[in-house]
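Colleague: Quick one, what's the 3D model for this:
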Amino acid sequence: MVVLNRIYTKTGDDGTTALGTGERRPKYDLRIEAYGTVDETNAAIGVVRLHTSDMPELDAMLGRIQNDLFDLGADLAVPEREGKAERLRVVTSQIERLERDIDTLNDKLAPLTSFVLPGGTPAAAHLHVARTICRRAERVIVELAARPGEPVSAAGIQYMNRLSDFLFVASRAANGNGAGDVLWVPGQNR
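Modeller: Got it, this is the predicted structure:
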C-alpha cells in the first residue's frame, strides 16, 4: 500500500531522485525520463477522459490503461536485478487485454483510404496527442533497454507499442467510428 502524507521531502533539491530500489539518480537520467514520459502519457489520457463521458466503453478502457501505466512506471522505477525479489511488472495478460480492446474498437471502423490527420472531435484530437507522447515514451524505453546494465521488461516495451496502436484506433472510434476522421490529402496545398 502507498501512503503519501507528506508531499515535499526536499531530497530532490540536489537534482537527484530515488528509484524504487532507493538508488539515487540524476533527474535527467534516461530511466527517470522513461517513467516520466509514461506518466506524461497517462496525464494526456486523463485529459482525453474529460471528453469520453458519452462513450462509457472507451472511457472504461482508458481507465484500465491509466492503471496499467502506473504499473509500468513502477516496473521502470525498480529495475530487475538478479537475486532480488520481484516487484510489480507489466505482464502479458495486460498486453492481451489491450489487443482485445483494439479488436473490439477496430471491428466497428470502416477501412482507411488515407492517413488520418490528428483532429475531429476533442476526444479524438486529445487521443492523437496521447498517441504521440506514447510513441516518445516507447522510444525512450527502447533506448534505455539498449544500454548495458539497464534492464527493461520486454512486456513493458510491448505494452507501449500496443498502446500507441490502441490510441490510434480509439481516436477513430471517438470520431464517430471513423466517420469524422480528417484524412490527409497528399499535395493538397501545392
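
Colleague: For this protein, just list every one of the helices.
Modeller: Here the chain has its helices, by DSSP state H, at 30-48, 56-77, 92-106, 122-146, 154-174.

Colleague: For the shortest one, list the C-alpha coordinates in CSV.
Modeller: It stands for helix 92-106. Extracted in CSV, the C-alpha atoms of helix 92-106 (Å, rounded to 0.1, in the frame of the first residue of the first chain):
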residue,chain,number,x,y,z
THR,A,92,1.4,-10.5,-20.9
SER,A,93,-2.2,-10.5,-19.8
GLN,A,94,-2.2,-6.7,-19.8
ILE,A,95,-1.0,-6.7,-23.4
GLU,A,96,-3.5,-9.3,-24.4
ARG,A,97,-6.3,-7.2,-22.9
LEU,A,98,-5.1,-4.2,-24.8
GLU,A,99,-5.2,-6.3,-28.1
ARG,A,100,-8.7,-7.4,-27.4
ASP,A,101,-9.7,-3.8,-26.8
ILE,A,102,-8.1,-2.8,-30.1
ASP,A,103,-10.0,-5.5,-31.9
THR,A,104,-13.3,-4.5,-30.2
LEU,A,105,-12.9,-0.9,-31.4
ASN,A,106,-11.5,-1.8,-34.8
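
Colleague: in it, what counts as buried?
Modeller: Neighbour-count burial for helix 92-106, counted by 16 or more other C-beta atoms under 10 Å, picks out 94-95, 98, 101-102, 105-106. Quick note: C-beta positions are derived from backbone N, CA and C, even for glycine.

Colleague: tell me the mean pLDDT for it?
Modeller: For helix 92-106, mean pLDDT is 98.

Colleague: again, but for the longest one
Modeller: When the per-residue pLDDT values of helix 122-146 are averaged, the result is 98.

Colleague: before we move on, the earlier item: please name whichever of the helices of the chain is nearest to residue 6.
Modeller: The closest of the helices of the chain to residue 6 is helix 56-77. By C-beta to C-beta, the value is 19.0 Å.

Colleague: and the closest one with helix 122-146, angle?
Modeller: Helix 56-77 runs at 20 degrees relative to helix 122-146, counting by axes from the mean of the first three to the mean of the last three C-alpha atoms, to 10 degrees.

Colleague: Which parts of helix 56-77 count as buried, going by neighbours?
Modeller: Of the residues in helix 56-77, 58-59, 61-62, 65-66, 68-69, 71-77 count as buried by neighbour count, 16+ other C-beta under 10 Å.
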